[in-house]
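> Structure for this input, please:
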Amino acid sequence: MSFARPEIIRPPSEHASYFLPLTSGCSNNTCSFCAYSFSKLGIRELDEVKQEIDAMSLYANQRMWVAGQPDIVYLILRSWNGKKVFLQDGDALVYPYPKLIEALQYLNQKFPAIERIASYATPRDILRRSLKELKTLKEQKLGILYMGVESGDDEVLQKIQKNADHNQMVEAAKKVKESGILLSVTVILGLGGVKGSEKHALETSRILTEMDPDYAGALTLTLIPETGLHKEWKHGEFEMITPFDSLWELKTIIENSTFSNCFFSSMHASNYYAIRGTMPKDKDKVLKQLKALLSRKDLDMLRPEFLRGL
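Residues are numbered from 1 along each chain as shown. Coordinates of the predicted model:
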């Protein structure tokens, strides 16, 4: 069965990267809120990955096209500055380790000026790798891993079928940080629903403190049709929080988290209000903004529903 190139789903900070697929789908395709729950994991042949890298090199150095490569390759290459590569798809770190090293070595050989390679990674992907293996990946310019934490509340994590608990995610984070690779994590406001909102927010602040990531981003739950969580909502088994409740959760998470040096943002399009700042330096400023919003409760100050998206 031939490898089907995935659509580009990437962190906002990877907008200028070349998107190189090693896998399609996600190995952890059970999360009840996620579009990857419809996917099956596909592993791309290493030879095919190398052929794409060869095509990239020919275009970058000689503006030559290679027959058989998809149009998207050249659409990305036209605006690529050669500095960053993002490995697709939902958790490219699951790619078999010897082949992953070989792919990165080949990429660096063809593009020695690459500054940073990035990938999504599940907690299980990270825990599967030894510290030595992660450090070797770092030597091959794997500079940042993006991990979806979603919640610090084990009850929520179990309900959404995350297949990782609070302690496992903290362990994975510590391993990434010890390897020297940057860690960026995301949490999802509203994932505990109305009943679990306070516990979700407090436990999420606790896990962020324990993980102490380099970057943290808050998204707001947006139900995707036909996912497990969407079906629960339709059947009245899950109650969505209000926009201002989501800002209360955001305030609670920031208020109760302690970071060494973390860039924290809610710039994602799913959010009702965007904040950004380096913690702890900007903590008071960000909290002041959120408290002012919550005291006024003016819907006109929030992003309207039709502008929210994934």
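> Y146 - that's part of a strand, no?
Yes. Applying DSSP: H, G, I helix; E, B strand; the rest coil, one finds Y146 inside a strand.
> Quick check: the nearest residue to V194 once chain neighbours are set aside vs I275, distance?
Computed as CB to CB, 6 or more residues apart in numbering, the closest residue to V194 that is not its neighbour in sequence is E239, at 4.2 Å. No exception for glycine: its C-beta is placed from N, CA and C like everyone else's. Using CB to CB, to the nearest Å, we find E239 at a distance of 25 Å from I275.
> E232 now?
From E232 to I275 the distance is 29 Å (CB to CB).
> for K281, same thing?
In terms of CB to CB, K281 sits 14 Å off from I275.
> likewise K84?
K84 sits 25 Å away from I275, going by CB to CB.
> now the helices for the protein?
Under the criterion DSSP state H, the chain contains helices at 46-62, 71-79, 97-110, 123-128, 131-139, 154-159, 166-179, 197-211, 228-234, 243-256, 283-296.
> Need the contact partners of the third one.
Right, helix 97-110. Helix 97-110 has contacts (CB atoms under 8 Å, 6 or more residues apart in numbering) with 20, 22, 46, 49-50, 53-54, 56-57, 85, 92-93, 95, 114, 117, 129, 133, 136-137, 140-142.
> What's the ChimeraX syntax to select whichever of the residues you listed are buried?
To isolate the buried ones among the contacts of helix 97-110 in ChimeraX, judged by 16 or more other CB atoms under 10 Å, type:
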select :20,22,46,49,53,56,57,85,92,93,95,114,117,129,136,137,140,141,142
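> Where does pLDDT dip in this protein?
1, 33, 35-38, 306, 309-310 (pLDDT under 70).
> Please tell me how far the most far-flung residue of it relative to its centre sits from I53.
Going by CA atoms, centre = their mean, the residue of the chain most distant from its centre is Q62, 34.1 Å out. Computed with CB to CB, the distance linking Q62 and I53 is 15 Å.
> and if you look at F264?
In terms of CB to CB, F264 sits 35 Å off from I53.
> re the thing from before, so what's the residue nearest to V194 up against?
Listed by CB under 8 Å, 6+ apart, the contact partners of E239 are 193-195, 233.
> now swap in L287 and tell me
Applying CB under 8 Å, 6+ apart, we find L287 in contact with 251, 254-255.
> do the same with D153
So D153 contacts 166, 192, 196, 199-200, 203-204 (CB under 8 Å, 6+ apart).
> Try it again at 10 Å.
By CB atoms under 10 Å, 6 or more residues apart in numbering, the residues touching D153 are 159, 165-166, 191-192, 196, 198-204, 206-207.
> Which ChimeraX command selects the buried ones in the residues you listed?
Remark: buried members of those, expressed as a ChimeraX selection using 16+ other CB under 10 Å:
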select :159,166,191,192,196,199,200,201,202,203,204,206,207
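> L290 contacts Y272, correct?
No. Using CB atoms under 10 Å, L290 is not in contact with Y272; the gap is 11.1 Å.
> returning to what we had before: farthest-separated two in the contacts of D153?
Largest separation among the contacts of D153 by CB to CB: D165 and E198, giving 19.7 Å.
> Look up the closest residue to D214, ignoring the ones flanking it.
L182 (4.6 Å).
> Who is the one you found paired with across the strands?
Per DSSP bridges, the residues bridged to L182 are I144.
> That one: what's it in contact with?
Residues near L182 by CB under 10 Å, 6+ apart: 116, 118, 138, 142-146, 176, 213-215.
> could those residues be laid out in CSV, adding distance to Q69?
Listed next are the contacts of L182 as CSV, based on distance: CB to CB, whole Å:
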residue, distance to Q69
R116, 24
A118, 22
K138, 30
L142, 24
G143, 26
I144, 27
L145, 28
Y146, 26
V176, 33
P213, 36
D214, 34
Y215, 33
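> Which of the residues you listed are buried, as a ChimeraX select command?
The ChimeraX command for the buried members of those (criterion: 16+ other CB under 10 Å) is given here:
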select :118,138,142,143,144,145,146,176,213,214,215
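> right, and out of the contacts of L182, which lies closest to E226?
Nearest to E226, judged by CB to CB, of these is Y146 at 25.1 Å.
> contacting residues around that closest one?
Y146 neighbours (CB under 10 Å, 6+ apart): 10-11, 13-14, 86, 91, 93, 118-121, 182-186, 215, 217.
> Then H268?
H268 touches 11-12, 186, 188, 217-220, 222, 274, 308-310, counting by CB under 10 Å, 6+ apart.
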